[in-house]
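Visitor: Here is a sequence with its predicted model. Questions after.
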Amino acid sequence: MTGRPGAIEITAGELYPIAHEVVSKIVEVISTTLTELPAEVASDIYDRGLILTGGGAQFNGLDNYLRDQTKLPVRIADEPRYAVVRGLEQMFDEPMWLRRVMRYGSQPLLHLERDLSSFET
């Protein structure tokens with residue numbers, strides 16, 4: 001109200017409806033995406049499940065909620081906050097993957113899916 005930064009307290013009860021709305025949209029996008037993927041890619045996801053990465057993966061119970069809603073196996077990556085950085089590091093260590101990403105632009109994962117499947121932790 002003063003235009004200056006300040007601190008306020010927010011309870012979990014106040015945050016829950018907002019977080020639930022966001023997570024519900026994530027479930028919706030997962031479901032929509034699975035119907036639009038080529039059958040072999042979708043099949044791989046149904047078999048292997050989802051791996052949560054990033055800081056949001058650390059929300060307590062998110063993996064269980066997504067598992068219940070999507071009926072897919074869900075796990076949290078080791079050190080989820082750093083998973084993307086580690087993946088980029090691995091990609092840069094493999095020149096062939098980097099060339100494919102540069103060649104295919106915005107859809108590299110569809111072309112790299114088979115190659116990356118052998119690189120699990």
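Guide: In hand now; what should we look at? Residues are numbered from 1 along each chain as shown.
Visitor: where in this structure is pLDDT low?
Guide: Where the chain drops to pLDDT under 70, the residues are 101, 103-121.
Visitor: Show me the residue at the heart of it, geometrically.
Guide: Residue closest to the mean C-alpha point of the chain, counted by CA atoms, centre = their mean, is Leu52 at 4.8 Å.
Visitor: Excluding chain neighbours, what is closest to Leu50?
Guide: Excluding the flanking residues, the one nearest Leu50 by CB to CB, 6 or more residues apart in numbering is Val74, at 4.8 Å. Placement of C-beta: from N, CA and C, glycine included.
Visitor: Contacts only, for that neighbour.
Guide: 49-52, 63-64, 66-67 (CB atoms under 8 Å, 6 or more residues apart in numbering).
Visitor: What about it? Give its phi and psi, please.
Guide: phi -130, psi 130 (degrees, to the nearest 10).
Visitor: now the one 5 residues further on
Guide: When read as degrees, to the nearest 10, the backbone of Glu79 gives phi 50, psi 70.
Visitor: can you check Ile51 too?
Guide: Backbone torsions for Ile51, taken as degrees, to the nearest 10, come to phi -120, psi 120.
Visitor: Leaving aside the residues adjacent along the chain, what's closest to it?
Guide: Ala77 (5.2 Å).
Visitor: Does that neighbour touch Gln58 like I think?
Guide: No. Using CB atoms under 8 Å as the test, Ala77 is too far from Gln58 to be in contact (10.4 Å).
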